[in-house]
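>>> Sequence and computational prediction follow.
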Amino acid sequence: MVNDTTRLLGLDGLAVAEVIARDEHAGQGPIVWLATIDEQARVCPGCGVRATRMKEWVITRPRDLPVGGRRCELLWRKRRWICSTAVCPRRTFTEQVPQVPARARLTERLRQASGMAVADGGRTIVQSARDHGVSWPVASAAFTAYAERMLPAEPQPVTVLGIDETRRGRPRWVYDEAARAWQAVVDRWHVGFVDLSHGQGLLGQVEGRTTQVVIDWLQERGQKWKEQVRFVAIDMCTIFKAAVRAALPHAVLVVDHFHVVQLANTALTEIRRRLTVQVRGRRGRKGNREWELRNRLTRSAARMHGAQLDPMIDDLMALPKRLGAPILAAWNAKEDLLDVLALARTHPDRTVIAGRLFRFYDRCAASGLPELERLASTIETWWPEILAFIQTGITNAGSEGTNRVIKTVARDAYGFRNPESQRLRTRCATTRKSRGCLNPA
Ligand SMILES: [Zn+2]
């Protein structure tokens with residue numbers, strides 16, 4: 001009974017009895033009549049006894065993957081059997097094969113393909129549903145079943161752990177008349193844990209942005225897993241610092257240099273804006289040299305040509321004394337801090353680090369600018385973690401890269417109502433590389 005057409009269709013337990021061509025131009029694929037060849041199909045699901053008495057013929061139309069790019073209409077003519085076992089609760093049953101269970105309107109391989117397109121192929125649920133000719137809820141359920149089967153239940157040991165937060169959706173505000181201030185009513189966050197050492201991608205996410213949820217996730221991993229974590233990369237966030245101190249007391253905390261630079265640039269920009277308002281009585285605009293130089297000021301001098309650098313300093317000096325000198329001082333302090341960070345991955349001597357750090361602190365103190373004093377005290381607070389960055393060169397760039405994927409998934413989906421399904425989708429998208437879904441082969 002097994003012919004070439006049966007082998008081509010490849011549905012185990014079913015044989016192709018006949019293929020009837022239809023009008024291709026009207027978009028109608030061929031009709032494929034199927035017959036049962038699996039002897040197991042007539043075993044009663046209630047008692048496991050092979051039935052011998054047939055009740056009737058029934059026809060079922062399971063939807064399947066296209067064959068050669070054409071969507072075929074499968075018609076399976078199968079038997080309904082009568083179970084002869086006296087104690088069996090099932091009196092009758094229809095034949096079933098693993099690919100097409102009883103009552104199933106889709107073959108298992110179609111269901112799996114629609115789930116796989118989302119989890120491994122990066123498709124949205126809507127697009128996968130369109131591609132596979134199923135409804136949104138079916139594609140969504142197929143994705144969830146596939147993802148839960150494919151994702152590792154527990155992450156492998158990690159030497160360098162990255163922790164970072166992502167905003168979930170838009171924050172919403174209402175005006176509080178009594179307090180005369182805007183209050184956040186909706187501000188939802190996810191905290192993600194990323195493997196920065198072995199490329200497992202996103203290990204998991206928790207909802208909220210509190211110390212306790214981070215501690216809880218880390219505790220759930222067990223003592224042995226926690227002991228393997230040697231470094232934890234975070235941004236300058238006291239929530240994560242407190243959580244890591246509590247749950248991973250042996251791990252070395254590392255602060256990413258990106259956020260340190262960002263902090264210094266923010267201080268410089270604040271100083272420039274405040275002084276412009278004080279001296280000119282309004283915000284900066286075209287024609288004000290310090291405003292025109294605003295982007296150049298926050299660029300690292302090491303990445304600028306001398307042809308840009310020297311005129312910039314000359315221009316600042318040429319500004320009114322109350323304006324140019326403090327901005328130049330702030331710019332110098334920022335550059336001093338960059339010089340400290342530039343020592344990362346160079347195995348610097350302790351005295352070299354101390355010397356450059358002192359120069360930065362000294363410049364901040366001498367400037368008398370409150371913004372720089374605040375910057376200096378933040379650097380002082382986080383100095384052990386910044387020093388750990390200089391010594392190890394570990395950055396949180398991997399977590400930030402994961403964040404980009406998280407946001408792309410959220411935009412593709414036009415946002416998520418259900419945070420749980422968002423976490424599952426995110427997890428699939430960010431572990432595609434480690435699961436081998438991005439290999440061209
Ligand atoms: Zn039975």
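Perfect, thanks for sending it.

>>> burial of the residue of the stretch 151-300 of the chain found nearest the ion, as a residue count?
Residue nearest to the ion within the stretch 151-300 of the chain: residue 153 (35.5 Å; C-beta to the ion). In short, each C-beta sits where N, CA and C put it, glycine included. Residue 153 is flanked by 5 other residues according to other C-beta atoms under 10 Å.

>>> SS state for it?
Classification of residue 153 by DSSP: H, G, I helix; E, B strand; the rest coil places it in coil.

>>> any idea how far it is from residue 247?
From residue 153 across to residue 247, the span is 20 Å (C-beta to C-beta, to the nearest Å).

>>> try residue 219
Counting by C-beta to C-beta - residue 219 and residue 247 are separated by 6 Å.

>>> Next secondary structure after the lengthiest helix in the chain?
Ranked by number of residues, the top helix in the chain under DSSP state H is helix 257-280. Downstream of helix 257-280, the next assigned helix or strand under DSSP states H and E is helix 289-292.

>>> Would you mind pulling up the elements that that following helix packs against?
Secondary structure elements in contact with helix 289-292, counted by 3 or more C-beta pairs under 8 Å, 6 or more residues apart in numbering; DSSP states H and E, are helix 257-280, helix 306-318, helix 321-341.

>>> could those helices go into CSV alongside distance to residue 212, mean neighbour count and mean pLDDT?
Output for the helices and strands packed on helix 289-292, formatted as CSV (distance: least, C-beta to C-beta, whole Å; neighbours: other C-beta atoms under 10 Å; pLDDT from 0 to 100):
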stretch, distance to residue 212, mean neighbour count, mean pLDDT
helix 257-280, 23, 18, 92
helix 306-318, 48, 12, 86
helix 321-341, 32, 20, 91
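
>>> can you redo these as JSON lines with distance to the ion?
Converted to JSON lines, these look like this (distance: least, C-beta to the ion, whole Å):
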{"stretch": "helix 257-280", "distance to the ion": "66"}
{"stretch": "helix 306-318", "distance to the ion": "85"}
{"stretch": "helix 321-341", "distance to the ion": "74"}
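
>>> Using a markdown table, lay out those helices together with distance to residue 34.
Listed next are these as a markdown table, based on distance: least, C-beta to C-beta, whole Å:
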| stretch | distance to residue 34 |
| --- | --- |
| helix 257-280 | 59 |
| helix 306-318 | 74 |
| helix 321-341 | 68 |
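
>>> Around the ion, pick out the residues from the chain.
44, 46-47, 83, 85, 88, 90 (C-beta under 5 Å from the ion).

>>> Select from those the one having the most neighbours.
residue 83 (22 neighbours).

>>> which residues touch it?
Going by C-beta atoms under 8 Å, 6 or more residues apart in numbering, residue 83 touches 44, 46-47, 49, 51, 90-93.

>>> try it again with 6 Å
Counting by C-beta atoms under 6 Å, 6 or more residues apart in numbering, residue 83 makes contact with 44, 51, 90.

>>> about what we covered before: which one's more surrounded, residue 219 and residue 247?
residue 247 (19 against 13).

>>> For that one, which non-adjacent residue is spatially closest?
Sequence neighbours aside, residue 218 is the residue nearest to residue 247 in space, at 3.9 Å (criterion: C-beta to C-beta, 6 or more residues apart in numbering).

>>> ok, now how distant is the one you found from residue 232?
Applying C-beta to C-beta, the value for residue 218 to residue 232 is 9 Å.

>>> More neighbours: those two, which one.
The residue with more neighbours, out of residue 218 and residue 232, is residue 232; 28 against 23, by other C-beta under 10 Å.

>>> In the stretch 101-250 of the chain, which residue sits nearest the ion?
Closest residue of the stretch 101-250 of the chain to the ion, C-beta to the ion: residue 102 (13.3 Å).

>>> quick one, phi/psi of that residue?
phi -60, psi 140 (degrees, to the nearest 10).

>>> For it, give me its contacts.
By C-beta under 6 Å, 6+ apart, the residues touching residue 102 are 94, 96.

>>> what about 8 Å?
45, 93-96.

>>> Next SSE downstream of the helix or strand containing residue 354?
In this structure, residue 354 sits in helix 350-367 according to DSSP H and E. Where DSSP H and E defines the elements, the next helix or strand beyond helix 350-367 is helix 370-381.

>>> And the contacts of the very next helix or strand once past that next one?
Tracing the chain C-terminally past helix 370-381 and defining elements by DSSP H and E, one meets helix 383-392 next. Applying C-beta under 8 Å, 6+ apart, the contact partners of helix 383-392 are 231, 234, 241, 252-257, 260, 340-341, 343-344, 348, 353, 357, 379, 394-395.

>>> buried sites along helix 383-392?
Using 16 or more other C-beta atoms under 10 Å as the burial criterion, the residues of helix 383-392 that qualify are 385-392.

>>> a markdown table for those, including pLDDT?
Listed next are the buried residues of helix 383-392 as a markdown table, based on pLDDT from 0 to 100:
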| residue | pLDDT |
| --- | --- |
| 385 | 94 |
| 386 | 94 |
| 387 | 94 |
| 388 | 93 |
| 389 | 93 |
| 390 | 93 |
| 391 | 91 |
| 392 | 91 |
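
>>> from those residues, which is closest to the ion?
For these, the residue nearest the ion by C-beta to the ion is residue 392; the value is 65.7 Å.

>>> can you list contacts of stretch 175-188?
167-174, 207, 419.

>>> Show the buried residues in the residues you listed.
Counted by 16+ other C-beta under 10 Å, those give residue 168 as buried.

>>> so of the contacts of stretch 175-188, which ones are in helices?
Among those, the members found in helices (DSSP H) are residue 419.

>>> And the residue lying closest to residue 422 once chain neighbours are set aside, its phi and psi?
In this structure, residue 422 finds its nearest non-sequential neighbour in residue 416, 3.7 Å apart by C-beta to C-beta, 6+ apart. Phi and psi for residue 416, reported as degrees, to the nearest 10, are phi -120, psi 140.

>>> how far away is residue 416 from residue 214?
Taken as C-beta to C-beta, the span from residue 416 to residue 214 is 21 Å.

>>> Let's have the contacts of residue 102 in CSV, adding distance to residue 120, neighbour count and pLDDT.
Output for the contacts of residue 102, formatted as CSV (distance: C-beta to C-beta, whole Å; neighbours: other C-beta atoms under 10 Å; pLDDT from 0 to 100):
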residue, distance to residue 120, neighbour count, pLDDT
45, 32, 13, 91
93, 35, 21, 93
94, 33, 18, 94
95, 32, 23, 94
96, 28, 21, 92
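
>>> Could you tell me the model confidence score at the residue of the stretch 151-300 of the chain closest to the ion?
As predicted, residue 153 sits at a pLDDT of 82.

>>> got it, and residue 408?
In this model, residue 408 is scored at 92, pLDDT.

>>> Kindly report the same for residue 433.
At residue 433, pLDDT is 85.
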